[in-house]
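Asker: sequence? don't have it. structure:
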DNA sequence: CGGTTACTTAGAATAGTTCTAATTCTCAGT
DNA sequence: ACTGAGAATTAGAACTATTCTAAGTAACCG
C-alpha cells in the first residue's frame, strides 16, 4: 500500500518551511514524521523517545526547536490541557480536543464550519479572534477515537 | 455602597468549603477575596503579591494550597493558555476566555446556554463531556472588557 | 485541657522548558 | 572542489512554575 503521502508529505514540509525562509533538515523531517505516524498528542519527551529510534544522536533541545519551528509554520498545533507538558498535534483541520479524564487520552473532534461561525458570533464587537480552541473534558467510551 | 456580597460572600466560601469537609481559614478567605477584587486572571505569583498586602506572613506554598482548594470546591476556575503559569478566575458562570495576544490580557466572554448545547452536539456518541472550555485568541479593541 | 486531625510554613526537590556558547552543516559564489 | 556567511544542532547549564517534605501551629472533640 503506497499512499500518495509518501511523496507529498515531504514536499509539504519542505514547502511550508521554505515559505518561512527555513530549511528542511533530517531532524525536522523525522520529528514531523513521528507526529504524523502516531497521532496521540505526544509530549516533547515522548517525541524525543520516538525520534531516537530513527536518529539516536538527536538532542532534546533539537526536538524542542523542531517542534517550535513546525508550530511556527502552521504544520503542527501545540495544545495545553491544564498544567503539564505541552502536547503536539499534526491535524490541521479545524478540530476540538476531547480529553478523557480517566485515561488521559486525547481525541480529535472535527468541527463543522457552521459551528465555528456560531461560536465566533458570541464575541461582542471590539473583539477580533484569529483562532479559537475548544477543549472538552469527560469520559469516552472504550475504543472510540 | 454596601453590597449584599459583603455578607454573602464569606458565607459562600465557608459553605462551599464545608461541603467538602474543609474549613474556612484566614488564608483561604484572603486568597479568595483577592481573586474576587481584581478579576484579571492573575497567576499564583500575582495572587501571592496581592495577598501579602493584607497578610505579609503568608507563604507561597499556602497560596498554591489555597488556590488548589478553591478549585476543588468549584469556587474558582484554573485556566491554562499555552505554556506558562496557571491563571485563576472566580467567575462561575459559563464563559469563554478571550486572550489578547498583544497585551496578554484575558477577558471573560459570557456563553449563552444555547451555544453550549450546540457545541456539545458536535460530540459523536460515546463521548460524554463533563465540561467544555473555549479560548479565543486575537486582539481586542482598547477599553473593552 | 489532651489527643487528633487539619492547616500552614520554609525550604528542598522536581518537571518542563529555554538559554548559551560552541560546533557542524548547507548553500552561494567563486 | 573551496570558502565564507548564515542556519541549524548540540550538550549542558539555567530558569520557572509547581509540588513535596517535614516540622510547626491552630482548631475541634471528647
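Answerer: Okay, I see it. Note that the structure is predicted; figures quoted are calculated from it, not measured.

Asker: for chain A, what are the low-confidence residue spans?
Answerer: A:1-10, A:143-145 (pLDDT under 70).

Asker: interface residues of it facing chain B?
Answerer: Residues of chain A found near chain B (CB under 8 Å from any CB of the partner chain) are A:78, A:80-83, A:86, A:96, A:98, A:101, A:107, A:109-112, A:115, A:118-119, A:122-124, A:126-141, A:144. Glycine gets a C-beta too; all of them are placed from N, C-alpha and C.

Asker: Restricted to buried residues, select those residues in PyMOL.
Answerer: Typed into PyMOL, the line below selects the buried ones among the residues of chain A next to chain B, using 16 or more other CB atoms under 10 Å in any protein chain shown:
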select buried, chain A and resi 80+81+86+96+98+107+109+111+115+119+122+123+127+129+132+133+134+135+136+137+138+139+140
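
Asker: what's the neighbour count on residue A:45?
Answerer: 11 (other CB atoms under 10 Å in any protein chain shown).

Asker: My guess is it contacts residue A:85. True?
Answerer: Yes. Contact status for residue A:45 versus residue A:85: in contact at 6.8 Å, counting by CB atoms under 8 Å.

Asker: Start from the N-terminal end of chain A and give the strands.
Answerer: For chain A, the strands defined by DSSP state E cover A:77-79, A:87-89, A:95-100, A:106-110, A:127-140.

Asker: OK, contacts around the residue most central in space within chain A?
Answerer: In chain A, the centroid-proximal residue (CA atoms, centre = their mean) is residue A:89; its distance is 1.6 Å. For residue A:89, the contact set (CB atoms under 8 Å, 6 or more residues apart in numbering or on different chains) comprises A:35, A:39, A:41, A:76-79, A:97, A:108.

Asker: How about residue A:139?
Answerer: A:100-102, B:128, B:130.

Asker: Identify the bridge partners of it.
Answerer: residue B:128 (DSSP bridges).

Asker: and what of residue A:106?
Answerer: The partner residues for residue A:106, given DSSP bridges, come to residue A:99.

Asker: Next, count neighbours for it.
Answerer: 21.

Asker: My guess is it contacts residue A:95. True?
Answerer: No. Judged on CB under 8 Å, residue A:106 makes no contact with residue A:95 at a distance of 11.0 Å.

Asker: Look up how far residue A:11 lies from residue A:64.
Answerer: Distance of residue A:64 to residue A:11, computed by CB to CB, to the nearest Å: 25 Å.

Asker: State the distance from the residue in chain A sticking out farthest from the centre to residue B:27.
Answerer: The outermost residue of chain A, judged against the average C-alpha position, is residue A:125 (30.7 Å), by CA atoms, centre = their mean. Using CB to CB, one gets 41 Å for the distance from residue A:125 to residue B:27.

Asker: got it, and residue A:127?
Answerer: 36 Å.

Asker: Next up, the contacts around the residue lying closest to residue A:122 once chain neighbours are set aside.
Answerer: Distances taken as CB to CB, 6 or more residues apart in numbering or on different chains place residue B:115 nearest to residue A:122, at 5.8 Å, with adjacent residues excluded. Residue B:115 makes contacts with A:118-119, A:122, as judged by CB under 8 Å, 6+ apart.
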